[in-house]
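Q: Provide a 3D model corresponding to the input given below.
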Amino acid sequence: MKNILPCFHFLRRAASVFIAAILALGACASETKTEGMSEELSALTLMTWNIHNLFDGADNGYEYDEYLTSAGWSEEKYLGRINSVSAAIGRIEPQPDIIMLQEIESLKILEDLSLAISAGYSWSHFANNPGATLGVGILCRVPILEAKAHSISVRGETTPRPVLEARVQAGEGEIVIFVCHWKSKLGGDGVTENVRKASARVIVRRIRELWEKEPDTGVIVAGDMNENHDEFFRQGAAMICALLPDDPFCAQLTGCRGLNGEDYPALQKDFIIISRNKPPEPVHFPKGSIALFSPWLGGLENGSYFYRYNWETIDHFLISGRFFGNTGWTYEKTEVANYQPFTNAGGSPFSYNAKTGIGLSDHLPLLLTLKYK
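A: Next comes the predicted model:
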């Protein structure tokens, strides 16, 4: 597996600093803009949303067929979608401070959404793989201090999207966010699981590196991971998944049950342990493992994606133990935006139709609230 750090950062304001780094292993495209400063915060709302094939109005040769100008896609249709998406986000109360989007084509989309919402989103970052159809992005009303994109290859296959790592300034503290859109299950659950585990491996490694230098840094992993919180059991408890509940069966299958913390780190390479505990201290895995709180295990109901008449929990916020203390940013709640205009009359996601221009996405947004103590 190869991990490729960011190669291009373009800061869009004169007061910004230009940084460029090109690694021999390859390249990923990422862009940032910054301006202004944020006011003091007592609460912070984060939103993650797979917005479903949001293309801009220009052909670049990588669009899906229905989003080519020859198929009828146009700048007018693009702007119509920007207006409907921004109007939907604008109706959320309180307004999200940090928005993480999956399935967007370019930085232009973040810029246009920022202008359309008109709520002070002065910082943005976009990342994708070279020649990729779609990427991931982050739009903030708080400063982005640093951003990196991790492009991953495993056994000759590159993950469709990089993992975007962003460090943001939140009041007097800093938070590290990983924006994800992991490999889909197209091709089979077992076949594609190794690619999702490769993305998890990068996150586990980066968290360990961060906590070696900054043990008190709060970490949030967010996005569409194409994996349910209970995927291990949906797959018959027969294979190691990229997300593993803190469960004795999982610990036994990975060979970690009964080990102490010194033996363990070498074994937790390509899976993230998710927990219902607040803070997410592992019970069945050894002390020292990377365990993150999953709201799906903590009372969040139904799902964010409706597939074959069943709800799935493939969109996630995974939250580190730093947010469950008595000081600083603390976890308040996570919600699914399971209401109109994000849902249709039947209560499922109001999917976008490129021909009619009606709808939003086949995923529902997740909203995370942090309070400052």
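Q: going forward, measure contacts between C-alpha atoms and count neighbours the same way
A: Fine.
Q: Give me the buried positions along stretch 77-93.
A: Residues of stretch 77-93 classed as buried by neighbour count (16 or more other C-alpha atoms under 10 Å): 77, 78, 79, 81, 82, 84, 85, 86, 89, 90.
Q: how about low-confidence regions in the stretch 51-200 of the chain?
A: Counting by pLDDT under 70, the stretch 51-200 of the chain contains no low-confidence segment.
Q: with the buried residues of stretch 77-93 in mind, which one is nearest to residue 207?
A: residue 89 (30.2 Å; C-alpha to C-alpha).
Q: now the helix or strand containing the closest one: how far from the chain's centre is it?
A: With secondary structure defined by DSSP states H and E, residue 89 is part of helix 75-90. Chain-centre distance of helix 75-90: 21 Å, with C-alpha atoms, centre = their mean, to the nearest Å.
Q: packing partners for that helix?
A: helix 107-117 (3 or more C-alpha pairs under 8 Å, 6 or more residues apart in numbering; DSSP states H and E).
Q: who does the very next helix or strand once past the helix it packs on pair up with?
A: Going down the chain from helix 107-117, the next helix or strand is strand 123-128, by DSSP H and E. Sheet partners assigned to strand 123-128 using DSSP bridges are listed as strand 29-33 (antiparallel), strand 135-140 (antiparallel).
Q: for whichever helix or strand comes after the longest one, packing partners?
A: This means strand 135-140. Next in sequence after strand 135-140, counting helices and strands by DSSP H and E, comes strand 144-154. Where contact means 3+ C-alpha pairs under 8 Å, 6+ apart, strand 144-154 is packed against strand 2-4, strand 123-128, strand 163-170, helix 189-213.
Q: between the buried residues of stretch 77-93, which is nearest residue 219?
A: Distances from residue 219 to the buried residues of stretch 77-93, taken by C-alpha to C-alpha, are shortest for residue 89, at 24.2 Å.
Q: any idea how far that closest one is from residue 119?
A: 10 Å (C-alpha to C-alpha, to the nearest Å).
Q: One more: residue 202?
A: According to C-alpha to C-alpha, residue 202 and residue 119 sit 33 Å apart.
Q: Those two: who's more crowded?
A: Per other C-alpha atoms under 10 Å, whichever of residue 202 and residue 119 has more neighbours is residue 202, with 21 against 15.
Q: just to revisit the earlier point, in PDB, list the C-alpha atoms belonging to the helix holding residue 89.
A: Below are the C-alpha coordinates for helix 75-90, written out as PDB (Å, rounded to 0.1, in the frame of the first residue of the first chain):
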ATOM      1  CA  GLU A  75     -24.400  25.600 -16.600                       C
ATOM      2  CA  GLU A  76     -28.100  26.500 -16.000                       C
ATOM      3  CA  LYS A  77     -28.800  23.100 -14.600                       C
ATOM      4  CA  TYR A  78     -25.700  23.200 -12.500                       C
ATOM      5  CA  LEU A  79     -26.700  26.600 -11.000                       C
ATOM      6  CA  GLY A  80     -30.200  25.300 -10.400                       C
ATOM      7  CA  ARG A  81     -28.700  22.500  -8.300                       C
ATOM      8  CA  ILE A  82     -26.400  24.900  -6.400                       C
ATOM      9  CA  ASN A  83     -29.500  27.000  -5.600                       C
ATOM     10  CA  SER A  84     -31.500  24.000  -4.300                       C
ATOM     11  CA  VAL A  85     -28.600  22.500  -2.300                       C
ATOM     12  CA  SER A  86     -27.700  25.900  -0.700                       C
ATOM     13  CA  ALA A  87     -31.300  26.600   0.100                       C
ATOM     14  CA  ALA A  88     -31.600  23.200   1.800                       C
ATOM     15  CA  ILE A  89     -28.400  23.800   3.800                       C
ATOM     16  CA  GLY A  90     -29.600  27.300   4.700                       C
END
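Q: now for the helix or strand that that helix is followed by, which elements pack on it?
A: Per DSSP H and E, the first helix or strand lying C-terminal to helix 75-90 is strand 98-104. With contacts defined as 3+ C-alpha pairs under 8 Å, 6+ apart, the packing partners of strand 98-104 are strand 43-54, strand 135-140, strand 173-181, strand 218-224.
Q: Looking at the ones you listed, which one is packed in the most?
A: strand 135-140 (a mean of 27; mean count of other C-alpha atoms under 10 Å).
Q: Great, nothing more from me.
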